[in-house]
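In: Show me how the following folds:
(one chain, ligands or ions: 1)
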Amino acid sequence: FDDISPSAQIEYDRLLGGLLIEGFDERSCRSRYQFARYHKSERIPSPYLIERLRRQEALQKKCGPGTKAYSSAAEQLRSSQSINSTTDCNYVFLIIHAGLGNRMLEVTSAFLYALLTDRVLLVDRYKEIGDIFCEPFPGTSWLIPSDFPLSYDEFTMSSPESYGNMLQNNVIGGNMYRSLAGVKPPYVYLHLDGNYGFHDKLFYCEDDQQFLKGVPWLIIRTDMYFVPSLFLIPSYQEELSKLFPEKDTVFHHLARYLFHPTNDIWYSVTKYYRAYLAKADKIVGIQIRIYEHKGILQRNGPFPHILEQILSCSQKEKLLPEIGGTDEAATAAGKNRTIAVLATSLSSWYGDEIRKRYSQHQTVDGTTVKVYQPSHEEYQKSRNRKHNMKALAEIYLLSMTDVLITSGFSTFGYAAQGLAGLTPWIMYRSRNHAVPNPVCGRAMSIEPCFHQAPFYDCKAKRDTDLGKVVPYVRHCEDVSWGLKIV
Ligand code: GDP
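Out: As a prediction, this is how the structure comes out:
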């Protein structure tokens, strides 16, 4: 680590303020104790969060795969009989899907939900999670065993065992589970995907949370960061404020606790960082994600209006120097600084164009700007291992920058800003191939946005604006109907 400044080498706290514990094998997962060397966080986890993480680790170990408790819980699923006794070992099982940014948001949401409801978190073993992330909990695995009895991949919005459908078909609240108070189904499937319906969304209501309490298995499918809505459920509010006295640090702390890239990904991250970024005076991350397209062929452009948006945002906000200086002016400014730009995008065009501008022209203050882009995959390929490894490496590289410019709407950017603890400048979404006005704006907080948030007031039983109920849950900057913690 010769190329990292001496102060950074001495000051880093490998356990991230107590989020992590000693005792894991360092060699099999280098990133776990090394991440701290590459980013500086000013946010300190609360002693209560740390205590709860330790309790959760004990629960994961006591009830996890391979234990007697797990076998009997899985056995209950096989017999599919109603449950009328309680146990210490209840589970949240997360079905994983979607792109990497989304996955990190969904795992974090499910973990916080598990923490709040004293459940064990287990995740889908078939979606490369084990390839790209190390195990987060000591002495146990978070991957669901391969002999898990339910074919969960078949669960969809229309499955009869979904909570929404059970409500709608009066299985719950109607005959069976109301008349037999305390009797619960062995499992409930919670469909919390972006396409969910009214009854599915009742998951976010107090009474429904009370019902779900004694259900041994909750199987969740989601592609979103549903944490903001947990902050609106009365019975979780006190616990959440104890866990997170600084409310906007949920993703920052939990993601740094949960996610540790596997060695080959970590090796490529640290190698790239040291080769291109470490020596710069400032590192500016620019995450470019494009949702517009022209016909089927031009998915990621090249779109000149997006290039203009990136340059205009970075120069107006003084994140990058303007171009057009003369040699004399540069010498007079007396600056001999280097800025490294880390550009990430599926397309190489934007990074190439920014590089061209800065290599062909002087900057007004004499700063040298160098542009690096680790990959350009052209298309999103969610089920390709190498592709996902590159994507995760880039999320981590972005999290090691000093300043972050992200594309609105993108969970890829949310994951990077959250890991970093950086409040990004968000480039607003362009429409009709025109540069939006304003081009970008500073985010309110480092938290991700919950895109398809519910807008139902459970108590009043009518729709309402949930972005106005408490001061710390507001509408997102980039998704006007979404919710985020500020
Ligand atoms: P979102 O769709 O922007 O919300 O982000 P996701 O991460 O959920 O899904 C996008 C997927 O596209 C990523 O997981 C990557 O597979 C790919 N992708 C998008 N942008 C980039 C990028 O800048 N670099 C790389 N390597 N992959 C990207």
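In: pLDDT at Gly182, what is it?
Out: On pLDDT, Gly182 comes in at 69.
In: Low-confidence stretches in this protein?
Out: 1-11, 173-182, 295-298, 329-335 (pLDDT under 70).
In: For Arg462, grab the count of nearby residues.
Out: Residues lying near Arg462 (other CB atoms under 10 Å) number 9. Using the backbone N, CA and C atoms, a C-beta is placed for each residue, glycine as well.
In: do Gln81 as well
Out: Using other CB under 10 Å: Gln81 sits among 11 other residues.
In: Run through the residues that contact it.
Out: Neighbouring residues of Gln81 by CB atoms under 8 Å, 6 or more residues apart in numbering: Pro186.
In: Roughly how far does the residue in the chain that the ligand sits nearest to sit from Ser359?
Out: Relative to the ligand, the nearest point of the chain is Gly99 (1.9 Å; CB to the nearest ligand atom). Going from Gly99 to Ser359 by CB to CB, to the nearest Å gives 32 Å.
In: Same question for Leu311.
Out: Distance from Leu311 to Ser359, by CB to CB: 14 Å.
In: Looking at those two, which is more packed in?
Out: Leu311 (20 against 11).
In: my read: that one touches Ile354, true?
Out: Yes - Leu311 lies in contact with Ile354 (CB atoms under 8 Å); the separation is 6.9 Å.
In: And for Ser85, the neighbour number?
Out: 9.
In: Could you look up the SS state of the spatially most distant residue from the centre of the chain?
Out: Relative to the centre of the chain, the most outlying C-alpha is that of Glu328, 46.3 Å out, by CA atoms, centre = their mean. Here Glu328 is recorded as helix under DSSP: H, G, I helix; E, B strand; the rest coil.
In: ok so, going back, excluding residues flanking it in the chain, which one is nearest the residue of the chain closest to the ligand?
Out: Take Gly99 and drop its neighbours on the chain: the residue closest to it by CB to CB, 6 or more residues apart in numbering is Ser382, 5.7 Å away.
In: one step back: could you tell me which residues make contact with the residue farthest from the centre of the chain?
Out: Residues near Glu328 by CB under 8 Å, 6+ apart: none.
In: got a list of what the nearest residue to Leu100 once chain neighbours are set aside touches?
Out: Of all residues not flanking Leu100 in the chain, Ala391 sits nearest, at 4.7 Å (CB to CB, 6+ apart). Residues near Ala391 by CB under 8 Å, 6+ apart: Gly99, Leu100, Glu377, Phe412.
In: Can you tell me the element Ala391 falls in?
Out: Using DSSP states H and E, Ala391 sits within helix 385-398.
In: is the ligand contacted by that helix?
Out: Yes - shown here: helix 385-398 in contact with the ligand (CB under 6 Å from any ligand atom) through His387, Lys390, Ala391, Glu394.
In: before we move on, what about stretch 337-344?
Out: Yes - counting by CB under 6 Å from any ligand atom, the ligand has neighbours in stretch 337-344: Thr344.
In: Contact residues of this protein facing the ligand?
Out: Residues of the chain lying close to the ligand (CB under 6 Å from any ligand atom) are 98-102, 289, 344-346, 375, 377, 380, 382, 387, 390-391, 394, 410-412.
In: Separate out the buried members of these.
Out: Neighbour-count burial (16 or more other CB atoms under 10 Å) is assigned, among the residues of the chain next to the ligand, to 98-102, 289, 344-346, 375, 377, 387, 390-391, 394, 410-412.
In: after the helix holding Ala391 comes which helix or strand?
Out: strand 403-407.
In: and that next one with helix 385-398, angle?
Out: Between strand 403-407 and helix 385-398, the angle comes out at 130 degrees (axes from the mean of the first three to the mean of the last three CA atoms, to 10 degrees).
In: For strand 403-407, which strands pair with it and how are they oriented?
Out: strand 282-287 (parallel), strand 425-427 (parallel) (DSSP bridges).
In: Out of those strands, indicate the one that is most buried.
Out: Across those, the average number of neighbours (mean count of other CB atoms under 10 Å) peaks for strand 425-427, which reaches a mean of 26.
In: neighbouring contacts of that one?
Out: 309-310, 313, 317, 319, 403-408, 413, 436, 439-443, 477-478.
In: Could you pull up the contacting residues of Tyr273?
Out: Residues near Tyr273 by CB under 8 Å, 6+ apart: Tyr38, Leu397, Met400.
In: Quickly note the distance from the second one to Tyr272.
Out: Leu397 sits 6 Å away from Tyr272, taking CB to CB as the criterion.
In: With neighbour numbers in mind, choose between these two.
Out: Leu397 (24 against 20).
In: middle-most residue in the chain, spatially?
Out: The centroid of the chain falls nearest to Leu105 when counting by CA atoms, centre = their mean (3.1 Å).
In: was I right about that one contacting Gly413?
Out: No - the criterion here is CB under 8 Å, and Leu105 misses it with Gly413 at 11.2 Å.
In: Would you agree Gly139 falls within a strand?
Out: No - under three-state DSSP, Gly139 sits outside any strand and is assigned coil.
In: So what's the residue count around it?
Out: Around Gly139 there are 12 residues (other CB under 10 Å).
In: can you pull the contacts of it?
Out: For Gly139, the contact set (CB under 8 Å, 6+ apart) comprises Lys61.
In: repeat for Phe251
Out: Leu105, Thr108, Tyr225, Val227, Tyr414, Gly418, Ile446, Glu447, Pro448.
In: How about it, nearest residue that isn't a chain neighbour?
Out: Excluding the flanking residues, the one nearest Phe251 by CB to CB, 6+ apart is Gly418, at 3.8 Å.
In: Around the one you found, how many other residues sit close by?
Out: 31.
In: before we move on, back to that, what would the strands paired with strand 403-407 look like in TSV with distance to Val469?
Out: Listed next are the strands paired with strand 403-407 as TSV, based on distance: least, CB to CB, whole Å:
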stretch	distance to Val469
strand 282-287	31
strand 425-427	23
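In: All set now, cheers.
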